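[1] A structural model of the following input is requested.
(one chain, ligands or ions: 1)
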Amino acid sequence: PIYLDHNAGAPMRPTVRDAMIDALNDTGNASSVHGHGRKARGRIEKARQRVARLCGAKTRAVTFVSGATEANMTALTPIWQDQGAPLYLDKLIRSAVEHPSVLSGGRFAVKDQRVVPVDSNGIVDLEELAKLLDSEDSCLVSIMAANNETGVIQPFAEIGALVRENDALFHVDAVQAAGRMPIDMEAWHADAVSVSAHKFGGPQGIGALVVRSTARVPAPLINGGGQENWRRSGTENVAAIAGFGEAAERALDDLDCVEQIGAARDRLEAGIQALCPGAIVFGKDAPRLANTTCFAVEGIPAETALIAFDLEHVSVSSGSACSSGKVSASHVLSAMGYSEEIARGAIRVSLGWDTGTRHIDRFLEVWPKIIDRLNPQARTRAA
Ligand code: PMP
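    Model (predicted):
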């Protein structure tokens, strides 16, 4: 079987599995003062350092949560604390292409949410953002670093500078960026960043909200025993956190292989377009993550294509398949101006730490078979 769906979830790295088993073999609650507890605490604090390094942040900036959905929900609150005193934010400004966990608006009322449009490549409209920032008093801006469907990278340093000029706060969903491009909260002027372990070879169900300034933190989503410096209560999942830390370290190493991954992705795209010159590659003219391609071929619905790939034991995804298993037209592609029919053809292929030449070879071997089975005319249809 060939796995090419890293943006949905990367395979667990062997060293992560080892780190988790090691932690699972221990007993103890990290809040306990005895030796068992201190050992668990040690594992958590080591992981915190490693996750901080991945995000270019200070160790104490990292709060472990159950994943990026929770990190986003926590960040998206109108109440932040500024040195203990509440800091109230009037509005949330987000882009039209965010992950559903940001689209939901978190704890902001619907009437307090504003949406920045994107262009045909999926890049946010900076003029519109500037106008929105101008017309509102105190805002939180939440814009993702790189899109999960298309891999398109936002001009986050420019966005961050605009946000900073307007005294607003800036949250970045960096889930798809982690391990695929450097995360630099300082350069991005980001106040908070969300990451999730399972996108780069860690376990599912663990992530982090990284908040740059210790003086300003979002009001907790989950209150209780005061774990994670009162930012997220509940007994820590030590094994998952240890695995997260190990994956973060390995993801930083992956940054050295970005060019290689990009070359593999480009070979795949060239192969798709060589057979079907009319294939549309979404966001092709924008900066994109090296590991992602999202494309559509007229007359090939993604739903049917995915089944055909699956019969060949190749796992890819439709443009928008984060959760439900059913293929619906993607809000990302509609925001980019594509028709529902084209959006329904979007197939996403995403590479990662375990992708080798044989994965790409196999994809390109089954691609002509799938086209011939589903719509042979697509071979000749021009761009
Ligand atoms: N943001 C983005 C950009 C994502 O791709 C995902 C996962 N599909 C999430 C947030 C949610 O992450 P998690 O699965 O850890 O809740």
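[2] residue 193 in helix, strand or coil?
    strand (DSSP: H, G, I helix; E, B strand; the rest coil).
[3] my bad, should have said residue 294
    Residue 294 - assigned by three-state DSSP - is strand.
[4] surely it touches residue 122?
    No. Counting by CB atoms under 8 Å, residue 294 does not reach residue 122; the two are 9.8 Å apart. For every residue, glycine as well, the C-beta is placed using N, CA and C.
[5] what does the protein put close to the ligand?
    Selection of the chain residues close to the ligand by CB under 6 Å from any ligand atom yields 67-69, 99, 101, 144, 148, 173, 175-176, 196, 207, 322.
[6] about what we covered before: which neighbours do residue 294 and residue 122 share?
    150, 282-283 (CB atoms under 8 Å, 6 or more residues apart in numbering).
[7] and these, which are buried?
    Buried by 16 or more other CB atoms under 10 Å: 150, 282-283, out of these.
[8] closest to residue 93 out of these?
    residue 150 (21.0 Å; CB to CB).
[9] now the closest one: closest residue in space that isn't a chain neighbour?
    residue 283 (4.1 Å; CB to CB, 6 or more residues apart in numbering).
[10] how much space separates that neighbour from the ligand?
    14 Å (CB to the nearest ligand atom, to the nearest Å).
[11] what residues does that residue make contact with?
    121-122, 147, 150-152, 294, 336.
[12] phi, psi for it please.
    phi 70, psi 20 (degrees, to the nearest 10).
[13] quick one, phi/psi of residue 91?
    Per degrees, to the nearest 10, the backbone of residue 91 is at phi -130, psi 150.
[14] could you report the neighbour count for it?
    Residue 91: 21 surrounding residues under other CB atoms under 10 Å.
[15] then the one 3 residues further on?
    For residue 94, the count of nearby residues is 25 (other CB under 10 Å).
[16] wait, it touches residue 108, no?
    No. Using CB under 8 Å, residue 94 makes no contact with residue 108, being 9.2 Å away.
[17] burial of residue 368, as a residue count?
    15.
[18] can you list the residues that contact the lengthiest helix in the chain?
    Ranked by number of residues, the top helix in the chain under DSSP state H is helix 35-55. Identification of contacts with helix 35-55 by CB under 8 Å, 6+ apart yields 23, 26-32, 58-59, 61-62, 64, 174, 178-179, 183, 185, 193, 195, 208, 210, 236, 238, 241-242, 244-246, 248-249, 251-252.
[19] circling back to that earlier point, now the buried ones among the shared contacts of residue 294 and residue 122 in JSON lines, with distance to residue 127 and pLDDT?
    Shown next, in JSON lines, are these (distance: CB to CB, whole Å; pLDDT from 0 to 100):
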{"residue": "150", "distance to residue 127": "22", "pLDDT": "97"}
{"residue": "282", "distance to residue 127": "23", "pLDDT": "97"}
{"residue": "283", "distance to residue 127": "20", "pLDDT": "97"}
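[20] need those residues in CSV with distance to residue 363, can you?
    As requested, these are arranged in CSV below (distance: CB to CB, whole Å):
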residue, distance to residue 363
150, 18
282, 18
283, 20
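[21] the residues of the chain next to the ligand in helices, which ones?
    68-69, 101.
[22] wasn't residue 217 part of a strand?
    Yes. Membership of residue 217 in a strand is supported by three-state DSSP.
[23] for the nearest residue to residue 219 once chain neighbours are set aside, grab phi and psi.
    Ranked by CB to CB, 6+ apart and with sequence neighbours excluded, the top spatial neighbour of residue 219 is residue 79, at 4.3 Å. The phi/psi pair for residue 79 (degrees, to the nearest 10) reads phi -110, psi 110.
[24] run through the helices of the stretch 151-300 of the chain in chain order.
    Secondary structure of the stretch 151-300 of the chain (DSSP state H, counting those that start in this stretch): helices at 156-165, 185-188, 238-254, 258-275.
[25] of the contacts of residue 283, just the buried ones, PyMOL syntax please.
    Applying 16+ other CB under 10 Å to the contacts of residue 283, the buried members can be selected in PyMOL as follows:
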select buried, resi 121+122+147+150+151+152+294+336
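[26] of the contacts of residue 283, which pair is most distant in space?
    Checking the contacts of residue 283 with CB to CB, the most distant pair is 151 and 336, at 12.9 Å.
[27] can you give me every residue that contacts the residue located most distally from the centre of the chain?
    Largest separation from the mean C-alpha position in the chain: residue 34, at 37.7 Å (CA atoms, centre = their mean). Listed by CB under 8 Å, 6+ apart, the contact set of residue 34 reads residue 28.
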